[in-house]
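Q: next input, structure requested:
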Amino acid sequence: MEKVFIKRLFIVSLVVLIPAISLYAGESSRKNKRSRNDSLNYIEVEGKLKDGITSSPVVFASVYVNGSNIATVTNIDGEFVLKTPKGKEDSKVTFTHLGYENVEMRVSDMIGRENIIEMKAVALPIDEVVIRGIDPEELLLKALEKINKNYSNVPEMQISFYRETIKQNKKYVAVSEAVLDIYKSSYSSTFDNDRVKIYKGRKSADVKKMDTLIVKLQGGPRTSLLLDIVKNSGFILDKEVFEYYNFELAGLTTINDRETYVIRFEQKEDIELPLFNGHIYIDKETVAISGLDFNISEQGLPYASKYLVRKKPASLKVDVNGGHYLVKYRVNEGRWYLDYIRSELVFTSKWKKRFFKSKFDIMLEMAVTDRTKENVEKFRNKESAKLNDVLAEQVKYFEDDNFWGDYNTIKPDESIEIAIKKLSRKLKR
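A: The predicted structure follows:
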């Protein structure tokens, strides 16, 4: 059982670390010049969001300037950096996250400050009668039994916008984007697998070069589909792994105007594996799993690097500091469909006999922008993305400057929703 479990965990994030050959001093000089020019036109504010009761970081929270397209998302530590054009000091910044009350602050009040922002949870209490009548594991089992009814039972074609980024010590060192064609198999089939291929792709040269290490993310586009946990339920939702977790009915909340049960799950203390803690959202009306928000548990972190780091030099020590995952589904005409996926892995690396550490933050996100059940055609296997592929090394084969049009720069701090809006006409075919 453990081998199957770990194999499924292993595919969530695959990282390769290779010693860098040079320090790219000339590129660093250009970067510093560019940064000085940016500072003439922008104000940079930063801070951290945390739960007002537990003080735990609020991850993947949306941060945006009201009335504009300026936005970003907090990282796995709840931290954010937001650049706003000069002249917008009086504008308000809104912080929002599922299950929390929105917070607003004026840009001028955030300049030059630490900005530790507390957010208040707003989950609605469940009536005592409801608590007595619902067992969280039974509710989960009912949701699993209704997958064939609640999700598509025929294959479909999807178009998705995909992005992956790598930060080293808070500076972007790699940014890649792609438009993906996806063959999405039926949720009722256990033999037909999803397939994905790159339609268009590109990467940004406007980044800081990696210094001590070259870090690569393997299998990003393919991994994003494996995070469709309703279809690939093995490491959380499979009945056979329930014994590894404690489940609790945490409350009732509203998602897109629909009442939703919130189930909290935590790794049991006596389990020595890199497992997860988080929340499962189940739609009250349809008993469909509408989303999951989870992270590698604190007790599981010491075991994580063994499974998540594919390759590294022997003299390099790697510690996984956190892994956070977000999966969303949305309903249309009585069926639920994959909508959005985000994954973030944070780790530190340290060479033997060296004092300083480097911190890396690897993120991928994918948003489904279009789908159809007509003209469904499964790609040939040789056309499909593989788990050992590295997107940043492949995009040169899929580059097309005309495709991106006016959207000719990659802004890694720009929300994926804004990027999609700019490409909206290209993301439907």
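Q: only C-alpha atoms from now on, for both contacts and neighbour counts.
A: Will do.
Q: walk me through the domains of the chain.
A: Listed by automatic domain parsing, the domain ranges of the chain are 2-21+124-427, 35-119.
Q: would you reformat those as CSV and include mean neighbour count and mean pLDDT?
A: CSV is the format used below for the domains of the chain (neighbours: other CA atoms under 10 Å; pLDDT from 0 to 100):
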stretch, mean neighbour count, mean pLDDT
domain 2-21+124-427, 18, 85
domain 35-119, 17, 85
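Q: which residue, other than its chain neighbours, is closest to the residue most central in space within the chain?
A: Centroid check for the chain by CA atoms, centre = their mean gives Arg342 as the closest residue, at 1.7 Å. Once flanking residues are discounted, Arg342 sits nearest to Glu365: 4.2 Å by CA to CA, 6 or more residues apart in numbering.
Q: okay, now the sheet partners of the helix or strand encompassing the one you found, with direction.
A: Assigning secondary structure by DSSP states H and E places Glu365 in strand 358-372. Strand 358-372 has its sheet partners listed here by DSSP bridges as strand 156-168 (antiparallel), strand 335-351 (antiparallel).
Q: would you turn the ones you listed into a markdown table with distance to Val215?
A: Conversion of those to a markdown table gives the following (distance: least, CA to CA, whole Å):
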| stretch | distance to Val215 |
| --- | --- |
| strand 156-168 | 8 |
| strand 335-351 | 11 |
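Q: those strands: which one's closest to Val63?
A: Proximity to Val63 (CA to CA) singles out strand 335-351 among those, at 16.0 Å.
Q: and Ile182, how far is that from Leu387?
A: According to CA to CA, to the nearest Å, Ile182 stands 15 Å off from Leu387.
Q: what's the following helix or strand after the strand holding Glu365?
A: helix 391-394.
Q: tell me the secondary structure at Arg222.
A: The three-state assignment at Arg222 reads helix, by DSSP: H, G, I helix; E, B strand; the rest coil.
Q: is it in contact with Ala385, as I believe?
A: Yes - contact criterion CA atoms under 8 Å: Arg222 and Ala385 qualify, at 5.9 Å.
Q: what's the overlap in contacts for the two?
A: Residues touching both Arg222 and Ala385 (CA atoms under 8 Å, 6 or more residues apart in numbering) are 195-196.
Q: what bridges to the residue nearest to the centre of the chain?
A: Leu326, Glu365.
Q: show me what contacts it?
A: By CA under 8 Å, 6+ apart, the residues touching Arg342 are 224, 325-327, 363-366.
Q: before we move on, what about Tyr325?
A: 292-295, 341-344.
Q: could you rerun that using 6 Å?
A: 293-294, 342-343 (CA atoms under 6 Å, 6 or more residues apart in numbering).
Q: do Ala178 as well
A: Neighbours of Ala178 in contact, by CA under 6 Å, 6+ apart: 162, 200-201.
Q: how about 8 Å then?
A: 161-163, 198-202, 395.
Q: one more: Ser315?
A: Applying CA under 8 Å, 6+ apart, the residues contacting Ser315 are 351-352.
Q: kindly recompute the last result at 10 Å.
A: 350-353 (CA atoms under 10 Å, 6 or more residues apart in numbering).
Q: gap between it and Lys352?
A: Taking CA to CA as the measure, Ser315 falls 6 Å from Lys352.
Q: returning to that earlier point: include distance to Ser56 when you put the contacts of Ser315 into JSON lines, please.
A: Formatted as JSON lines, the contacts of Ser315 follow (distance: CA to CA, whole Å):
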{"residue": "Lys350", "distance to Ser56": "26"}
{"residue": "Trp351", "distance to Ser56": "30"}
{"residue": "Lys352", "distance to Ser56": "32"}
{"residue": "Lys353", "distance to Ser56": "33"}
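Q: could you work out the most separated pair of the residues you listed?
A: The widest separation within the contacts of Ser315 (CA to CA) is 8.7 Å, between Lys350 and Lys353.
Q: secondary structure class for the closest residue to Ser55 other than its chain neighbours?
A: Distances taken as CA to CA, 6+ apart put Glu118 closest to Ser55, at 7.8 Å, once the chain neighbours are dropped. Classification of Glu118 using three-state DSSP returns strand.
Q: list the contacts of Glu118.
A: 48-58, 103.
Q: likewise for Lys357?
A: 169, 317-318, 348-351.
Q: just give me the closest of those residues to Lys92.
A: Among the contacts of Lys357, and counting by CA to CA, the member closest to Lys92 is Asn169, at 27.9 Å.
Q: what's the closest non-adjacent residue to that closest one?
A: Using CA to CA, 6+ apart, the closest residue to Asn169 is Lys359 (5.1 Å).
Q: then Asn115?
A: In space, Asn115 is closest to Gly47, 4.5 Å off (CA to CA, 6+ apart).
Q: confirm the one you found sits in a strand?
A: Yes - per three-state DSSP, Gly47 lies within a strand segment.
Q: pull the contacting residues for it.
A: 74, 78-82, 110, 113-117.
Q: and these, which of them are in strands?
A: 79-82, 116-117 (DSSP state E).
Q: what segments of the stretch 51-200 of the chain are strands?
A: 62-65, 71-73, 79-85, 92-96, 103-106, 116-119, 156-168, 171-184, 195-203 (DSSP state E, counting those that start in this stretch).
Q: now the second one, how far from the centre of its chain.
A: Taking the mean C-alpha point of strand 71-73 and that of its whole chain, the gap between them comes to 13 Å (CA atoms, centre = their mean, to the nearest Å).
Q: okay, now the sheet partners of that strand, with direction.
A: Short version: by DSSP bridges, strand 71-73 pairs with strand 62-65 (antiparallel).
Q: same check, this time on the third one
A: Taking DSSP bridges as the criterion, strand 79-85 sits next to strand 42-51 (antiparallel) in its sheet.
Q: what's across from the residue nearest to Ser55 in the sheet?
A: Counting by DSSP bridges, Glu118 forms beta bridges with Lys50.
Q: and the gap between it and Lys88?
A: 24 Å.
Q: and if you look at Ser315?
A: Counting by CA to CA - Ser315 and Lys88 are separated by 48 Å.
Q: now swap in Asp206 and tell me
A: Asp206 is 25 Å from Lys88, by CA to CA.
Q: do Asn169 as well
A: 28 Å.
Q: surely Phe80 meets Val45?
A: Yes - at 8.4 Å, Phe80 and Val45 qualify as touching, with contact defined as CA atoms under 10 Å.
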